[in-house]
Each structure stands twice: as structure tokens, then as C-alpha cells.
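A.B. asks: One predicted model, sequence on top.
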Amino acid sequence: MQRSRRVSPSPTILATQRARDLQAAGRDVISLAAGEPDFDTPDHIKAAAIEAVRRGETKYTAVDGTPELKEAIAGKFARDNGLSFSPAQISVAPGGKAIIFNALSATLNPGDEVIIPAPHWPSYPGIALLAGGKPVIVETEAANGFLLTPELLDKAITPKTRWLILNSPSNPTGAMYGAEDLKAIADALRPRPHVMTLSDDIYEKLVYDGGRFATIAGEAPDLTKRVLTMNGASKSFAMTGWRIGFAGGPEWLIAAMADVMSQTTGNPSSISQAAATAALNGGQGFLGGWRATFSRRRDLVVSALNSAPGLSCEAPQGAFYVFASCRGAIGARAPADRVISSDADFVDALLEAQGVALVPGSAFGASPYFRLSFAAADDALEEACRRIRRFCESLT
Ligand code: GLU
């Protein structure tokens with residue numbers, strides 16, 4: 001079968017586009033579907049990009065990143081994560097998705113398995129399929145904070161397993177693996193040398209309540225030859241549109257990823273690379289304010305959703321999503337006599353009745369839930385929560 005026919009389009013992107021289309025058609029829609037900071041890229045980063053244009057940095061660069069950006073990334077990994085990478089162990093690509101695609105395409109043989117704990121970002125299985133692999137979804141338990149346990153991991157590993165994907169803080173649940181959790185997972189991985197780990201740390205900087213971020217390569221240094229530690233500019237610097245993802249890992253893998261990139265996207269935008277270099281090398285004082293704002297919005301949303309009939313949620317430890325259960329609304333009737341039989345129905349009926357766009361839990365491999373992004377202005381969040389509550393109260 002053609003590979004493109006094996007994957008459905010990204011549900012987060014679809015939901016966001018649907019909201020945009022409705023807004024363009026004149027509907028009053030509040031979109032809490034997309035996961036992107038509503039803050040603007042800080043001025044010193046924009047200025048660095050403009051300077052790069054003025055200097056004429058408008059040509060191809062080394063395919064997997066300029067020396068300046070690789071040096072800035074090596075500095076970030078050393079400073080924040082205690083990880084030491086040479087430039088040959090660092091890859092830069094046009095976004096985190098491209099990093100994952102390059103890594104999986106470079107390493108998967110047809111049918112190789114990629115373990116993905118659920119709830120998961122929908123693009124992990126999508127990219128694994130595109131790269132010719134077989135996603136193996138491992139369901140985690142809400143009661144255990146939606147974390148993968150060593151026992152679950154152990155049961156899922158087969159001789160065909162090539163990768164485990166870890167994402168902490170998690171999209172969509174905001175769950176975080178502590179250092180001890182990661183050490184226990186490393187213990188399960190240690191005797192399985194055929195399994196690599198992709199650690200997606202893109203939400204590293206968005207951690208609340210004084211939580212301490214940890215990453216598996218930092219907690220199990222003996223496994224670093226089998227770990228690709230991935231991050232990017234999108235979430236930490238509000239640079240989603242600039243498309244800069246990066247990773248540190250073993251040299252053979254980084255070289256293979258560059259080969260894939262040299263035949264697909266080529267280098268990430270030279271201007272975006274200059275901006276990301278300034279972002280990583282510059283002051284990051286603004287992050288404290290962003291975190292405080294996100295944390296306030298998180299509390300607002302968590303308390304509003306928990307007071308709506310049929311809904312319940314926990315406060316996420318990181319990222320900017322609330323993953324709420326809508327179990328209490330399943331089986332109810334929405335306006336126009338529509339029966340809500342799934343989380344997808346709940347999300348559809350809510351959009352129809354109240355103009356609030358969310359993403360159903362089924363997109364993340366867990367039902368009946370929905371994901372709400374609280375990376376939106378306070379007044380939009382407050383109004384959305386009022387509408388969600390009104391909708392839940394209207395169910396019979
Ligand atoms: N990571 C974001 C999300 O989950 C951006 C959209 C996407 O690429 O999926 O909403």
C-alpha cells in the first residue's frame with residue numbers, strides 16, 4: 001500500500017484548521033485545539049533573524065545545521081541537561097517532526113516496532129508508519145498518572161522493537177517522568193541492546209509547581225549511545241512557525257539522519273537557524289513570566305472543568321494541555337437530540353453548539369477524554385470555560 005494511505009492527517013492540525021475555516025466563515029469560534037504558545041517570539045530573537053537577512057545569510061547551510069547553532073545547542077545540552085555532545089553528535093531539522101522522521105526513516109526496517117506509550121501525540125504513530133515501521137501502542141493508566149512503567153515496557157518489547165518514544169512533560173497529559181521513573185525505565189532497557197530511545201523533551205521549559213525536569217540520557221549515562229535526545233525552539237521560545245527542531249545522539253545516527261535530510265528537506269531555514277542561535281545563547285529571563293502565566297491559566301481551566309457536570313481532570317505538571325475525562329457526558333443527549341457516544345461526538349457537538357474547538361482523546365489513543373490547550377489569552381480561556389460548562393449543563 002502507498003505509505004501515504006497508511007496514515008491519516010494529523011488530528012491536531014485538522015482540528016486547528018477546521019476552527020480557522022469556521023472563523024473565516026464568520027463563526028464565533030474559540031480554538032483551544034492547537035498546541036502553540038500564544039506569546040510572541042521575544043524581540044532579541046526576531047532582531048537576530050533580521051540581522052541575518054541583512055548580513056546576507058540567505059543561502060544553503062550545512063544540511064543538518066550551522067556550526068554556530070550546533071555550538072549553541074551543545075551549550076544548551078551541557079547547561080540544562082548535563083549532556084555532552086560534539087557537533088557531529090547534533091542534528092538540526094525543520095521542526096521536531098522532521099527530527100523524528102529522519103531518525104525513524106534512517107533506522108527502521110519494514111515492520112520494525114516503535115513502542116509509543118498512550119496517551120500519545122498523534123504524530124508519533126503517524127511518522128512511524130510513514131517510515132515503514134509498526135507503531136506498538138502501550139496503554140498507560142490514569143490512576144498511575146499516565147506514565148509508562150518498566151513492567152508495561154518489558155511486556156511490549158519484542159525482538160522486532162527498534163525504538164521506544166518517551167515524551168515528558170507529555171503532550172497531551174502534561175505528565176512528567178521523574179529521575180527515579182527514568183532510572184527504572186533504563187533498568188528495563190539495559191538488557192535489551194536492540195532498543196533505542198527517542199526522548200522528546202520539547203516541553204522541558206514548561207514545568208510547574210517547582211517540578212524538576214529529567215531526561216533519560218542524563219539519568220542513565222551508560223545508555224547514551226542508544227538515546228536520541230530531542231528538543232526544539234517552538235515551545236521554549238514561542239517559535240512554532242520558525243520550524244527548528246534539534247537532537248543530540250550517537251554520531252552514526254546523526255550522520256544517517258543528515259543523509260535522509262540531504263535527500264528530503266535539505267537544511268532548515270538559514271534565517272530560523274540564526275534566530276535559534278540567538279535564542280539559545282541569549283538570556284531566558286522571560287521564561288519565568290511565561291511559566292507563571294501558564295500556571296495561572298492551568299489552574300483556571302482545571303478548576304472550571306472540574307466544576308462542569310460530567311467532566312474531570314487533574315492539574316498537569318508540565319506542557320500546556322489539560323487532558324480531561326468526559327466520561328460523565330457519554331450517553332447524554334446534546335442539543336438537536338444528538339446522542340454523545342464518544343469523545344469525538346462530545347468535541348463535535350461542543351463545537352457545533354458553543355463554538356469551542358478541542359481535540360478528542362481518541363486522537364491521542366485514549367478515550368473518553370479531550371485535550372484543551374491553555375496556551376491562549378485569559379479572556380478567551382475564561383469564555384471557553386463558560387461555554388464548555390453551559391454545554392455540559394445543557395446535556396440531558
Ligand atoms: N504539537 C502541537 C500539538 O500537539 C502542534 C500541532 C502538531 O504539530 O501536532 O497541537
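C.D. replies: That came through fine.

A.B. asks: Quick check, G95 in contact with S234.
C.D. replies: Yes: contact criterion C-beta atoms under 8 Å: G95 and S234 qualify, at 7.3 Å. Backbone N, C-alpha and C define where each C-beta goes, glycine included.

A.B. asks: For the stretch 51-200 of the chain, which residue gets nearest to the ligand?
C.D. replies: Taking C-beta to the nearest ligand atom as the measure, the stretch 51-200 of the chain has N171 as its residue closest to the ligand, at 5.1 Å.

A.B. asks: Need the pLDDT of that residue.
C.D. replies: Note for N171: predicted pLDDT of 97.

A.B. asks: gap between it and I216?
C.D. replies: Distance of N171 to I216, computed by C-beta to C-beta, to the nearest Å: 17 Å.

A.B. asks: Please apply the same query to A315.
C.D. replies: 24 Å.

A.B. asks: So between these two, which is more surrounded?
C.D. replies: A count of neighbours by other C-beta atoms under 10 Å puts I216 above the other of A315 and I216, at 27 against 15.

A.B. asks: measure that one to the ligand for me?
C.D. replies: For I216, the distance to the ligand equals 21 Å [C-beta to the nearest ligand atom, to the nearest Å].

A.B. asks: can you list the residues of the stretch 151-300 of the chain near the ligand?
C.D. replies: N171 (C-beta under 6 Å from any ligand atom).

A.B. asks: first to last residue in stretch 340-359, what's the distance?
C.D. replies: Distance between the two ends of stretch 340-359: 15 Å, counting by C-alpha to C-alpha, to the nearest Å.

A.B. asks: An error on my part: the question was meant for stretch 331-348.
C.D. replies: OK, stretch 331-348 end separation, C-alpha to C-alpha: 15 Å.

A.B. asks: pLDDT on it, on average?
C.D. replies: 92.

A.B. asks: Name the residues that touch it?
C.D. replies: 15, 310, 326, 329-330, 349, 352-353, 357-362, 367-370, 391, 394-396 (C-beta atoms under 8 Å, 6 or more residues apart in numbering).

A.B. asks: Quick check: helices, which of the residues you listed are part of them?
C.D. replies: Those of the contacts of stretch 331-348 mapping onto helices are 15, 349, 352-353, 391, 394, per DSSP state H.

A.B. asks: between those residues, which is closest to the ligand?
C.D. replies: Using C-beta to the nearest ligand atom, those come closest to the ligand at A15, 8.4 Å.

A.B. asks: ok, now which ones touch the closest one?
C.D. replies: 31, 33-34, 347, 357-359, 363.

A.B. asks: quick one: it from D112, how far?
C.D. replies: Relative to D112, and taking C-beta to C-beta, A15 is found at 30 Å.

A.B. asks: hang on, the earlier thing: out of the contacts of A15, grab the one that's most surrounded.
C.D. replies: Result: V359 is most packed of those (other C-beta under 10 Å), 29 neighbours.

A.B. asks: What's opposite it in the beta bridge?
C.D. replies: R371 (DSSP bridges).

A.B. asks: Would you confirm that it contacts I13?
C.D. replies: No: if you go by C-beta under 8 Å, V359 and I13 don't touch, sitting 10.0 Å apart.
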